[in-house]
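1. next input, structure requested:
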Amino acid sequence: MALKRIHKELAELRRDPPPGCMAGPESTDYFQWTGTIEGPPGTPYEGGLFHVRITFPQNYPFSAPRISFTTQVWHPNISETGAICLDTLTKNWSASLSIGKVLMSVQQLLADPNPSDPLDSTSARQLRTNREKFIKTARQYTQQYASPPADYVFTTQSTTSPANNQDSAGTGGSGNSG
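-> The predicted structure is shown next:
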């Protein structure tokens, strides 16, 4: 059952990928995928290409996939090891969710961090107490660790000018639970 669902979702992703998200099997093991998530426009992550590892459980879709960043990210809800605090991947998992929807949720988490429920207390504290420094640090991490290949073409486009990129560094409210 799991393999059939995974094949179906892979075909769906190839046919109609969510904006800024791609994923697929690492090799012939369809339970191990890698993927990329583009940094959301108008955030300190804009211009970054973030890599993730996806592991599907044997009873997928009845249990959530495990997703972690392999790219370092300065974010309250992402640990230094890449673990993600997102309720969609834990208590709010539903078998009706697809991996494409989950990747879009992770991308949305980049745009809307929740410092009230952190995995990384240092970045959460910085976001709460010095938003400007948080934005600067997140941009530095993005430039240092998430630079895409020179020929990469982004599928998401910025609607803000560079001066307005501070608009969505987040103040919480994304319903995370890590």
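
2. okay, the one helix or strand residue 139 maps to in PDB with CA atoms only?
-> Element membership for residue 139, per DSSP states H and E: helix 131-145. Below are the C-alpha coordinates for helix 131-145, written out as PDB (Å, rounded to 0.1, in the frame of the first residue of the first chain):
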ATOM      1  CA  ARG A 131      14.400  41.000  14.900                       C
ATOM      2  CA  GLU A 132      16.800  43.000  12.800                       C
ATOM      3  CA  LYS A 133      19.800  40.900  13.900                       C
ATOM      4  CA  PHE A 134      17.700  37.700  13.400                       C
ATOM      5  CA  ILE A 135      16.900  38.700   9.800                       C
ATOM      6  CA  LYS A 136      20.600  39.600   9.100                       C
ATOM      7  CA  THR A 137      21.800  36.200  10.600                       C
ATOM      8  CA  ALA A 138      19.200  34.200   8.600                       C
ATOM      9  CA  ARG A 139      20.300  36.000   5.400                       C
ATOM     10  CA  GLN A 140      23.900  35.200   6.200                       C
ATOM     11  CA  TYR A 141      23.100  31.500   6.700                       C
ATOM     12  CA  THR A 142      21.100  31.500   3.500                       C
ATOM     13  CA  GLN A 143      24.000  33.000   1.500                       C
ATOM     14  CA  GLN A 144      26.600  30.800   3.100                       C
ATOM     15  CA  TYR A 145      24.800  27.400   3.100                       C
END
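
3. between the two ends of stretch 114-122, what distance do you get?
-> 13 Å (CA to CA, to the nearest Å).

4. likewise for stretch 86-94?
-> End-to-end distance for stretch 86-94, by CA to CA: 13 Å.

5. list the contacts of the residue nearest to residue 118 when sequence neighbours are not counted.
-> Closest residue to residue 118 in three dimensions, ignoring its sequence neighbours and counting by CB to CB, 6 or more residues apart in numbering: residue 124, at 3.5 Å. Placement of C-beta: from N, CA and C, glycine included. Taking CB atoms under 8 Å, 6 or more residues apart in numbering, we find residue 124 in contact with 76, 113, 115-116, 118.

6. give me the distance between residue 60 and residue 124.
-> Separation of residue 60 from residue 124 (CB to CB, to the nearest Å): 31 Å.

7. would you mind measuring from the residue positioned nearest the centre of the chain to residue 129?
-> Nearest to the geometric centre of the chain sits residue 106, at 3.4 Å (CA atoms, centre = their mean). Distance, residue 106 to residue 129, using CB to CB: 26 Å.

8. now swap in residue 32 and tell me
-> The separation that residue 32 has from residue 129, given CB to CB, amounts to 39 Å.

9. nothing else from me, thank you.
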